[in-house]
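Undergrad: below: sequence and its predicted model.
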Amino acid sequence: MAEPLTMCLRALLIGGGICVIGQLLFDVAKLTPAHTMSVLVTAGSVLGGLGWYQKLVEFSGFGAALPIVSFGNTLVKGASEQLASDGFWGIFSGMLGAASAGVAAAVIFAFIIAVVFKPKA
């Protein structure tokens, strides 16, 4: 296992690199936030499907595990695991099961923030 300073540097470089790619999609390619998010999730899905994203997570730790790209990887990982055990229909239940905790937490915390703070219309 790498020493903590090395892991922090790797996480900064990989996580920052993913963020730079997202910012370039905004600024240079003039994509909307929704399009940028879709590109990043799709990239994570493709990298996960090829088996490369897990190697990136092992190299950089939380730097690759945190950004939106990892959501695509999580969907593909859950779908492929359920496909192996439940067949074709396991693809759909695997995607939903793998991402359900994160999506539920996002909805719950967004509701709490909306109740505590007055959202602008």
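TA: Here it is on my side, so go on.

Undergrad: run the chain-centre distance for the longest helix along the chain.
TA: Using DSSP state H to assign secondary structure, the helix with the most residues in the chain is helix 90-116. For helix 90-116, the gap between its own C-alpha mean and the chain's C-alpha mean amounts to 13 Å (C-alpha atoms, centre = their mean, to the nearest Å).

Undergrad: over to stretch 87-98?
TA: Averaged over its C-alpha atoms, stretch 87-98 has a centre that lies 18 Å from its chain's centre (C-alpha atoms, centre = their mean).

Undergrad: can you list the residues that contact it?
TA: Stretch 87-98 is contacted by residues T74, L75, K77, G78, A79, S80, E81, Q82, L83, A84, D86 when judged by C-beta atoms under 8 Å, 6 or more residues apart in numbering. The C-beta positions use only the backbone N, C-alpha and C, and glycine is treated the same way.

Undergrad: could the residues you listed go into a markdown table alongside neighbour count?
TA: Shown next, in a markdown table, are the contacts of stretch 87-98 (neighbours: other C-beta atoms under 10 Å):
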| residue | neighbour count |
| --- | --- |
| T74 | 21 |
| L75 | 21 |
| K77 | 20 |
| G78 | 22 |
| A79 | 22 |
| S80 | 17 |
| E81 | 15 |
| Q82 | 21 |
| L83 | 16 |
| A84 | 10 |
| D86 | 13 |
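
Undergrad: and those, which two are furthest apart?
TA: Maximum pairwise distance among the contacts of stretch 87-98 (C-beta to C-beta): 17.7 Å, between T74 and D86.

Undergrad: look at G22 and tell me its secondary structure.
TA: Look at G22: counting by DSSP: H, G, I helix; E, B strand; the rest coil, its state is helix.

Undergrad: dump the residue contacts of it.
TA: Contact criterion C-beta under 8 Å, 6+ apart gives T36, L40, P67, I68 as the residues in contact with G22.
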